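Novice: here you go, sequence then predicted model.
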Amino acid sequence: MTLSGYREEELVCNRASVLIHGGTEEDRRCWAQEAARHFDAELVEVRQAADLPTALRQRNGVVFIADAAKLGRDGQSHILRCLQMQEERPKVVVGLSGGAESALARGTLREDLHYRLHQAQVDLQREGLRDLLRRRWALQAEQLAIKAAAVKAAEELARAAAEARRPGSVTRTAPRQRKSSVASRKAAQRNAQPR
């Protein structure tokens, strides 16, 4: 069977809303956090249907729904309405604890919501994907730590420089050399060389 739709690495960095299923809730959350980092946005997590309308009204950002089945059909209708009607909307990451097909069969996932997101699905149970994601997240964590250390070092340098310029502080500078003494020294060196 050939897969249709977006690849996982495309979905994490484009604006398409996603249905992500399988794996643990923490795996799904980490995936949503990576998507939020791509857009330099805050991740908004929704666990109750009452919080959905407010979260979905944002124009940007990433909204993570840990398990859509727990929101019920009414909560899922809010998600569907947002995807169909809102022109400017956040990236919505809809999570499911089990597989999408089994949720459809049980009736815990709306068919119209599944249809709306059928081209943008990430199955964390796919062979090798969770290992690939964990390696990618470890590398990103390393890069973020290096970046944070560089920012901290730059802030400390700036703070030290500001401290040195503070009124009342003593700074020592090297005395300036006169141009004429430098030029005469160079001329003396040229004359001293044997011919």
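Specialist: Structure received.
Novice: quick one: the helices in this structure?
Specialist: Using DSSP state H, the helices of the chain run over 8-11, 25-38, 52-56, 72-85, 100-106, 111-116, 129-165, 179-192.
Novice: would you single out the least confident of those?
Specialist: Comparing mean pLDDT across these, the weakest is helix 179-192, with a mean of 67.
Novice: in its sheet, what does the longest strand belonging to the chain sit against?
Specialist: Across the chain, the longest stretch assigned as strand under DSSP state E is strand 91-96. In the sheet, strand 91-96 lines up against strand 18-21 (parallel), strand 62-65 (parallel) (DSSP bridges).
Novice: with mean pLDDT, mean neighbour count and distance to R89 added, can I get these in JSON lines?
Specialist: Bear in mind the C-beta positions are built from the backbone N, C-alpha and C, glycine included. Conversion of the strands paired with strand 91-96 to JSON lines gives the following (pLDDT from 0 to 100; neighbours: other C-beta atoms under 10 Å; distance: least, C-beta to C-beta, whole Å):
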{"stretch": "strand 18-21", "mean pLDDT": "91", "mean neighbour count": "26", "distance to R89": "13"}
{"stretch": "strand 62-65", "mean pLDDT": "92", "mean neighbour count": "26", "distance to R89": "9"}
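Novice: JSON lines please, covering the ones you listed and showing distance to E155.
Specialist: Formatted as JSON lines, the strands paired with strand 91-96 follow (distance: least, C-beta to C-beta, whole Å):
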{"stretch": "strand 18-21", "distance to E155": "36"}
{"stretch": "strand 62-65", "distance to E155": "28"}
